[in-house]
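Student: fold the following for me, if possible:
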Amino acid sequence: MPVRRILFFCMGNICRSPTAEGVMRAKLAAAGLDVEVDSAGTHGYHVGDPPDERSQAHAARRGYDLSTLRARRLEAADFGRFDLVLAMDGANLAQAQRLCPPGQRHRLKLLMDYAPHAGRAHVPDPYYGGAAGFDDVLDLVEAGCDGLIAELGKA
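Tutor: Residues are numbered from 1 along each chain as shown. Modelled structure (predicted):
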């Protein structure tokens, strides 16, 4: 089945998953691939809010615009709507598995599954850390998105 819709998710949908959404949109456009991309959070702490200012600033330095994105909460309906539902870490993956209908669990994966060469299984939450954490997120997200684009190109 071809992948036409991808959802990235983390906890609050203000740091990691909107970064992944913005990076993936740019990389898909550059590759000439027509795939819908969205992001969400397992918790509703920031619904309606834009991405964290630090996420936006670090992304902008690499040419990614996150300014129009707004946080939303992951819903059970997302598992039927999206072909791939990609978690940033294991804790949020476990949270989503509880919400996901059993027949759609095959859609759930970790973003870093697409970047085994990165040597990291999870994209760490930069929220309570310093600037280096946001650059680390971008490095990992870019690697994961590059691997995912390569997979999409094979389909």
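
Student: mind listing the helices for the chain?
Tutor: Here the chain has its helices, by DSSP state H, at 16-31, 53-61, 78-81, 90-99, 131-154.

Student: what residues of the second one count as buried?
Tutor: Read it as helix 53-61. Within helix 53-61, the residues scored as buried using 16 or more other CB atoms under 10 Å are 54-56, 58-59. From N, CA and C alone the C-beta is placed, and that goes for glycine too.

Student: residue contacts, Val37?
Tutor: Taking CB atoms under 8 Å, 6 or more residues apart in numbering, we find Val37 in contact with 5-8, 21, 24-25, 28.

Student: pLDDT for the residues you listed - can I get that in CSV?
Tutor: Shown next, in CSV, are these (pLDDT from 0 to 100):
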residue, pLDDT
Arg5, 98
Ile6, 98
Leu7, 98
Phe8, 98
Glu21, 98
Met24, 98
Arg25, 98
Leu28, 96
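
Student: by neighbours, which of these wins?
Tutor: Most neighbours among the contacts of Val37, by other CB atoms under 10 Å: Phe8, with 30 neighbours.

Student: quick one: that residue and Asp89 touch, right?
Tutor: No: using CB atoms under 8 Å as the test, Phe8 is too far from Asp89 to be in contact (11.7 Å).

Student: so Ala30 versus Ala118, what's the distance?
Tutor: Plainly put, Ala30 is 20 Å away from Ala118 if you go by CB to CB, to the nearest Å.

Student: these two: who's more crowded?
Tutor: More neighbours surround Ala118 than the other of Ala30 and Ala118, with 16 against 9 (other CB under 10 Å).

Student: hmm, Met112 and the more buried one touching each other?
Tutor: Yes: taking CB under 8 Å as the definition, Ala118 is a contact partner of Met112 at 6.4 Å.

Student: next, the contact list for Val3, please.
Tutor: Val3 touches 35, 83-84, 152, 155, counting by CB under 8 Å, 6+ apart.

Student: quick one, phi psi at it?
Tutor: Reported as degrees, to the nearest 10, the phi and psi values for Val3 are phi -90, psi 120.

Student: what score does Lys154 have for pLDDT?
Tutor: Looking at Lys154, its pLDDT stands at 77.

Student: which residue, other than its chain neighbours, is closest to Phe79?
Tutor: Counting by CB to CB, 6 or more residues apart in numbering, Phe79 lies nearest to Gln104, which is 4.1 Å off, once chain neighbours are set aside.
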